[in-house]
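> Quick one, what's the 3D model for this:
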Amino acid sequence: MKNNLLFITCFLLFTHSMMAQEEGQRVAIQLTADHQLMVCPTPVFGGVIIGQATADVASHVLMSDGSFMSTLNDFLTRRLHPGNSPLVPTSGERQNPQEGRDRLELFIGNQGSDSLDALTAQMAYDELARHNALGRICMESDRHAAKATIARLQARDAAARRHFLPFDEQRCMGQDSLDVRHTFATHRIPDGYPYLEPIERPFNVLVGGSCVALYNDRNYWGGTVDFGSFEMQQGTDVTIDIICKDSLTNYELLPQSPSYRVRQTAPNALRITTHEANCQLTLIAGGDARTGHVLHLFCNAFQPEAAPADVDYYFPAGYHSLQQRFGGPLTVSGSQQVYIAPGAVVDGTIRIGHADGAVISGSGMVVNAGGTLLNVDGSRHCSISGITLHGHRPQGWQTIVHGSELIDIRHLKIISTRYASTDGLNFVSSSHCRVDSCFIRACDDAIAIKGMGSTPPSQSPEVTDLRFSHLQLWNDCNNAFTIGAETRARQFSHISLTDTDILFSYDDPEYHTQLDERAALGICCLHGTYFNNLLYDDIRVYHCERLIAMGFKPSFWFGTILGDQSTAGGIKHVTFRNIRSLNHADSPIANEVLLNGWQREGTPTKLIEHITFDHVLVEGRPIDRLSHPLLKINDPTIVRPIKIKK
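So this is what the prediction gives:
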């Protein structure tokens, strides 16, 4: 592999002097040995150089402009961001790809055989469709099989896009439907559901022709937020049709993933095909995640309609008020089990208190209009899986795990869009927990890890061994993933966030750019303590303001929460590995990496030390030196050493 990489790198550097075309005008698409699409400079293209290598090898090749070779997906994601490229139309009309100096052409050349030529053209066409770029980017080839494939696909889609598909607001209510082969199932919004907003309904969603129930809310900026779910069999293709009320001239489907295929079937419609159960898809229509229309769609694995054996609390499909049934919140203790069936909506709060082995499962929803939805307190060996939590009003944290250990959370979906203090998932003074394959959207921290209590940090419990993986996060305010602000813990250690998509992260709608602790990934220490052995690995950030922030603060939120830096502390051994921020926000803090150590008279100095940036890319370019303009350090004598790997 090393020899292969060396050969490719030398060849690319040799061709640097041969490149006469203006950067960005034409790029060649090469299929690697493991069938991944890579972007390379046209003069390098030859059909064999990269084709003999894997995508992993190709991605480490240094290109002539100092950047690294990238996958076609990453390349298009960077180029097509509305704030970063004129390729995306600002009006309702499609832009001519031949206009403007930044026009882009993807060229499919000799891949080694006719079959590989055709396959490369098909894959590249699908990638352009996924990025809504078919009308804005040219795709050309001088190979017969590739040209024929491109022409066939263009003719098919042109015929499909001649007419609008009918939109019907009644479809938003959904329907109860079970495919005869049990491939998929949909459910309707139950009678009595009290929280539908009288606002525009921009989407219909149909799975195999059956309507998916769409619940709705609005965000701080007045944009609409719709969400819905259905059940499907893992490994069997299902077809999802999204019909929009208005034309889809500008949209984004997140996250970018090979687990689904998408094509535009009409000016107002998309067809998505997937075989992956328990995946989550987000559609941003109108070009703006704040003021546009956003749809979150959850493709759940099939769940039984009937209650599992030995279940203590069973909620079948329909609307259930905990106030009417129990006179208040449902309290779960011991090893009791709660099952919320598909199509069920439970209105109220569920509390797991001092339990050992309690279970909450199903794929129904818990909702309320004020306060916490799910609270785990003083418990251990408990699991939560599958359900959706929807906080329909501020203020209040949605899910709290407090003073607990060995809590396992999987396939949980949380949606809370109202400003502010509507944290999605908070771990408070808890340890040895796992969170996997969850979707969390909040108008405050999506995930926050805290230490709270009345004792100083040195006398408080340690917060350790928390592992978060395979997540999708969205925060309209504050941080996507943070440790803090309350940090009364003896130590925060061995905490990891891996293989995660941060779809959208915004600092604050009312105090934009004014709060230096806000970031997609943050550590905000209010009460002097230690942070040690933290790992952020394989994180894809699609839209953010500040990328990373870590430091110490005397107070939070304009002095309303006072800190205490009179005790010792520091941050050390933190690794940021394979972090990719794919776009650039139009703000002065866009993609900033902020490291603020603490040194004030009368308080212990707090160092930030042994920080590693290993392959951290912003818009495809690495943060590769201490003098990088995005890397901002308040004092190099107390923030050291920093190790940077390219």
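> what's stretch 143-158 in contact with?
108-111, 114-115, 117-118, 120-122, 125, 129, 134, 139-141, 263-264 (CB atoms under 8 Å, 6 or more residues apart in numbering). Yep, even glycine has a C-beta here, placed from its N, CA and C like the rest.
> swap in stretch 594-602?
Counting by CB under 8 Å, 6+ apart, 516, 519, 528, 546, 548-552, 565-566, 569, 605-608, 611, 631-635, 638-639, 642 sit against stretch 594-602.
> Narrow the residues you listed to just the buried residues.
Using 16 or more other CB atoms under 10 Å as the burial test, the contacts of stretch 594-602 include 516, 519, 528, 546, 548-552, 565, 569, 606-608, 611, 631-633, 638-639, 642 as buried.
> and the residues you listed, which of them are in strands?
Among the buried ones among the contacts of stretch 594-602, the members falling in strands are I548, A549, M550, G551, F552, I608, I611, L631, K632, I633, I642 (criterion: DSSP state E).
> close enough to count as contact, the fourth one and G522?
No. Using CB atoms under 8 Å, G551 and G522 do not qualify as a contacting pair, with a distance of 9.0 Å.
> Which stretches in the stretch 301-450 of the chain count as helices?
322-326 (DSSP state H, counting those that start in this stretch).
> low-confidence ranges in it?
Nowhere does the stretch 301-450 of the chain drop to pLDDT under 70.
> Which helix or strand in the protein has the lowest average pLDDT?
helix 2-14 (a mean of 45; mean pLDDT, DSSP states H and E).
> immediately after that one, which helix or strand?
Using DSSP states H and E, the helix or strand that follows helix 2-14 in sequence is strand 26-31.
> check contacts around A341.
Q303, P304, E305, A306, A307, Y314, F315, P316, A317, G362, S363, G364.
> What values do phi and psi take at the nearest residue to P604 once chain neighbours are set aside?
In space, and not counting its chain neighbours, P604 is closest to A568: 4.6 Å by CB to CB, 6 or more residues apart in numbering. Here is the backbone geometry of A568 (degrees, to the nearest 10): phi -70, psi 160.
> Repeat that for R79.
Per-residue torsions, R79: phi -70, psi -30 (degrees, to the nearest 10).
> Of the contacts of stretch 143-158, keep whichever come out buried.
108-111, 117-118, 120-122, 125, 129, 134, 139, 141, 263-264.
> Closest to D179 out of these?
R263 (22.2 Å; CB to CB).
> any idea how far T513 is from the closest one?
From R263 across to T513, the span is 39 Å (CB to CB, to the nearest Å).
> and stretch 613-622, C-alpha only, in PDB?
Taking C-alpha atoms only, stretch 613-622 is exported to PDB below (Å, rounded to 0.1, in the frame of the first residue of the first chain):
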ATOM      1  CA  PHE A 613      -5.500  17.400  15.500                       C
ATOM      2  CA  ASP A 614      -5.300  14.300  13.200                       C
ATOM      3  CA  HIS A 615      -6.600  14.900   9.700                       C
ATOM      4  CA  VAL A 616      -9.000  17.700  10.500                       C
ATOM      5  CA  LEU A 617     -10.300  19.100   7.200                       C
ATOM      6  CA  VAL A 618     -12.200  22.300   6.600                       C
ATOM      7  CA  GLU A 619     -13.700  22.400   3.100                       C
ATOM      8  CA  GLY A 620     -11.200  19.800   2.000                       C
ATOM      9  CA  ARG A 621      -8.200  21.600   3.300                       C
ATOM     10  CA  PRO A 622      -6.300  20.500   6.400                       C
END
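> which of the residues in that stretch are buried?
F613, H615, V616, L617, V618, E619, G620, P622.
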